[in-house]
Structure formats: C-alpha cells, structure tokens
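# what's the 3D shape of this:
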Amino acid sequence: MVKSKKVAIWATCIAGILIFVLVGATVFYGNYLLNKIDKVEIDKENVGITEEVEEKLSQYDDKITNIALFGIDAEDGGVGRSDSIIIATLDFHNKKLKLTSIMRDSYVDIDGYGTDKINHAYAFGGAELAIKTLNQNFNLNIEDFVAVNFTTMPKIIDKIGGITVDITSEEVSYIQGIESAGTYNLTGDQALDYSRIRYATGGDYVRTERQRTVLTKIFEKILAMNPTKYPGLLSEVLSMVKTNFNSAEILELGTEVLSMGVASLEQDRFPLDGYCEGKMIDGIYYLTFDKDATVNQLHEYIFEDKKIWE
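So this is what the prediction gives:
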C-alpha cells in the first residue's frame, strides 16, 4: 500500500508538471534534487490578496491549498506569456487533486496595465503579477506558483517515451508526422503541436481540454513506469521548473500530499460556457465573462467541491 501511494504521488508530480514534481523530489530524494530547481523570489505582500478575501477564505486554510501553474510560451531564457494557466488544488478534506484551467483570452484587469488578456500578465510582470491578476479578478488567495516553459514540454514527454492520444480528422493537419485520424503515441513535439491547436472546432475551449488531456496522459504514463526510473527522470525534469517554493515548504507539502494517497486528477475549465462571450475590442479578440457568476462557480468548485452549474 505504501509503495502504491508513492507511485501515485510521483505520477502526479510529473503529470502536473509541476507542483507534484517538487513534492515527490523532496519526500523521496531530498535536497540533492531540490537544488536543481530554478528558485524565483516573489513578494507575497504584493500578490493581490485583500483582507476581505483572506478573512473569507481563512476557513479553508487547513483544507485547501491552491498553487498557480503556468505554461510559458517563450524561447529558453525568455519571459513570454502564460498561455496555459491552471490552478492546482490540493483538497486535503475531500482527498482530491484538481486542475482548473483559466481561459487565456479572459478579459481581466491587470494591475498597472489596464484591462487585457489574462495571459499577458506573466509577460508584463512575471509570476508575481500573474498570481496577483488571478487573485484580484477571481477573489483568490494564491501565494505560490510552478512554471514550465512550453519549449521544455517536449523534452519531458520524450523522457517518458511519449504519450498515447486519440487524434481526430480535424486535428491531423496541425500535428507534424500525422497523416490520418487514429490513436498515436505522440512524441514531445507532436504533443506540443496537439496542445497548441486553436483554430479547430471549439477554439480555445477545446484547446484547454487538449492541454488537460496531455497532463492526464502524462499521469497515466508515469503510473505505468517502473519507480526505479523516477530519480533519473526527475533529475532532468526539475531543472526545467521554476517555483517560489523553498525546501521546507516543499517537504511539508509533500508529506501532506503523500498522506492523501490520491491516484487521480479532477479537471475543469473557467469561465464556463453560457457565462462568457468572445468579443472584438479595438480589433483584438477577448473573452469577456460574467465575473460575479464565474467567481461564485469557481469558489464552489475549488473550496466546496461542488459543481453548482450541473
């Protein structure tokens, strides 16, 4: 049972790309691997958490931990936009791990830059401003993040031997080396092509589903791996990750996650259909949305484990 829990946590680490990688590295292999992480400092007093939000959400302090996950679209060493924005929720009360995607074109207020697409916040001010933008627009209390550059994604996927994905006829033309619909073991570059498909039926809505599919497939692939391969894999993957977590925080978080014994991911996307609308504003496409309804739905899902829209 203990071994199966370890496998589940390690799998979640890589699948999320992200926070869970850090958890596993500390719990099982200590500071040697942690030293490979690109540590980024942020000012937690400047991430947009209001006193009102802090007081309201304080009741969940021992139950819910939220971490911002950013997939950055930039060349190595560049800043870039966060074209994948996911809130990773560690729900210790319900023993669940959730990945909640935020649509990258969402029309939001960005402190100091006016109203713009939410994915521009990372390019304007890095992780600190990106977290602040999430908190201020969705009344959240996020203080921590994990980021991975999309250019490193293929390397991660290739290291685990690719991922198996069903490709539709409409998606074929967007993926290099794929000539017909079917089930394929995608290479890292092909998986990146797949996750970036935007101009197909469903647009960005389905694009976020593809990104979550990639994460789920990585999760499934890691579950099937021999655990003896994890140290070598993590040794390379961790150098591709940026975070503000320190060793002590990772160790504490890892211990808590390990005790949950969770082996699956729950996923959703916001804003929801019916509560948002694409609009051209000054010649640029934005996704406008009902802020009050979206904040309420998001909070019910993340903090109360309820889907009030179903």
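
# so how many other residues sit close to residue 307?
11 (other Cβ atoms under 10 Å). All C-beta atoms are positioned from the backbone trio N, CA, C, and that covers glycine.

# Need the three-state assignment for it.
In the three-state summary, residue 307 is assigned as coil, counting by DSSP: H, G, I helix; E, B strand; the rest coil.

# Which residues are in contact with residue 184?
With contacts defined as Cβ atoms under 8 Å, 6 or more residues apart in numbering, residue 184 is in contact with 164-165, 167, 178, 190.

# From residue 160, how far off is it?
Distance of residue 184 to residue 160, computed by Cβ to Cβ, to the nearest Å: 15 Å.

# are any of the contacts of residue 184 buried, and which?
165, 167, 178, 190 (16 or more other Cβ atoms under 10 Å).

# my guess is residue 132 is in a helix, correct?
Yes. Counting by three-state DSSP, residue 132 is located in a helix.

# one step back: in TSV, list the buried ones among the contacts of residue 184 along with distance to residue 270.
Shown next, in TSV, are those (distance: Cβ to Cβ, whole Å):
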residue	distance to residue 270
165	24
167	26
178	30
190	28
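
# Farthest-apart pair in those residues, please.
The two members of the buried ones among the contacts of residue 184 with the most space between them (Cβ to Cβ) are 165 and 178, at 10.0 Å.

# Residue 276 touches residue 289, doesn't it?
Yes. Using Cβ atoms under 8 Å, residue 276 is in contact with residue 289, at 3.8 Å.

# hey, what's in contact with both of the two?
Both residue 276 and residue 289 are contacted by residue 106, under the criterion Cβ under 8 Å, 6+ apart.

# tell me the mean pLDDT for stretch 144-154?
The average of the pLDDT scores along stretch 144-154 is 79.

# Need phi/psi at residue 216.
With angles defined as degrees, to the nearest 10, residue 216 sits at phi -60, psi -40.

# residues near the closest residue to it other than its chain neighbours, how many?
Closest residue to residue 216 in three dimensions, ignoring its sequence neighbours and counting by Cβ to Cβ, 6 or more residues apart in numbering: residue 265, at 6.2 Å. The local packing of residue 265 (other Cβ under 10 Å) involves 20 other residues.
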